[in-house]
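> Quick check, what structure comes out for this input:
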Amino acid sequence: MGSTSQSLPVSLTTRNIGGRWRLDDAYFAYRMRRQDGTDYKLYSDWGWSGPRGPALDRSGHVGVDEVFLEEGFHLHGRLGGRAGSGTVEEATRAYAG
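Below is the predicted model of the structure:
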């Protein structure tokens, strides 16, 4: 648990399954700014539950690249016992209206 560079909450949960640590859940909040200068908060929660979660290597590095038809989620970083660092990106198709 911690905060992002935007001072918003982030939480990554890991689980040890069969001797390998895996990412079980990634929750984070982020702020988007509109062209008119106003902003709003969004929340994202990605879960893999069980042995399907991305595996951490021996150094704690993890990489996730989930791409679907209209959105993509990319998380890369390193997790330790009580600290972590990395980057996260969520891309969503935009609609002009």
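
> Next, count neighbours for the residue lying closest to residue 51 once chain neighbours are set aside.
The shortest distance from residue 51 to any non-neighbouring residue, by C-beta to C-beta, 6 or more residues apart in numbering, is to residue 17 (5.1 Å). C-beta coordinates here come from the backbone N, C-alpha and C atoms, glycine included. Around residue 17 there are 14 other residues, counting by other C-beta atoms under 10 Å.

> Please shift the residue numbers so they start at 772 in all later answers.
Renumbered: residue one is now 772, and that last one reads residue 788.

> my read: residue 788 touches residue 823, true?
No - counting by C-beta atoms under 8 Å, residue 823 is not a contact partner of residue 788; they are 9.6 Å apart.

> Could you point out which residue ranges in this structure have low pLDDT?
821, 865-868 (pLDDT under 70).

> residues in contact with residue 801?
Residue 801 makes contact with 775, 777, 779, 812-813, 815, 861, according to C-beta atoms under 8 Å, 6 or more residues apart in numbering.

> Can you list the buried residues in the helix or strand that contains it?
For residue 801, the host element (DSSP states H and E) is strand 791-804. Residues of strand 791-804 classed as buried by neighbour count (16 or more other C-beta atoms under 10 Å): 792-795, 797, 799-801.

> How about stretch 776-783?
In terms of neighbour count (16+ other C-beta under 10 Å), stretch 776-783 has its buried residues at 781, 783.

> same deal with stretch 808-823?
Neighbour-count burial for stretch 808-823 [16+ other C-beta under 10 Å]: 817, 819.

> Between the two ends of it, what distance do you get?
Criterion C-alpha to C-alpha, to the nearest Å; first-to-last residue distance in stretch 808-823 is 40 Å.

> Now do the residue nearest to residue 811 when sequence neighbours are not counted against residue 816, distance only.
Spatial nearest neighbour of residue 811, chain neighbours left out: residue 803 (5.9 Å); criterion: C-beta to C-beta, 6+ apart. For residue 803, the distance to residue 816 (C-beta to C-beta, to the nearest Å) stands at 17 Å.

> Over to residue 836?
Distance from residue 836 to residue 816, by C-beta to C-beta: 18 Å.
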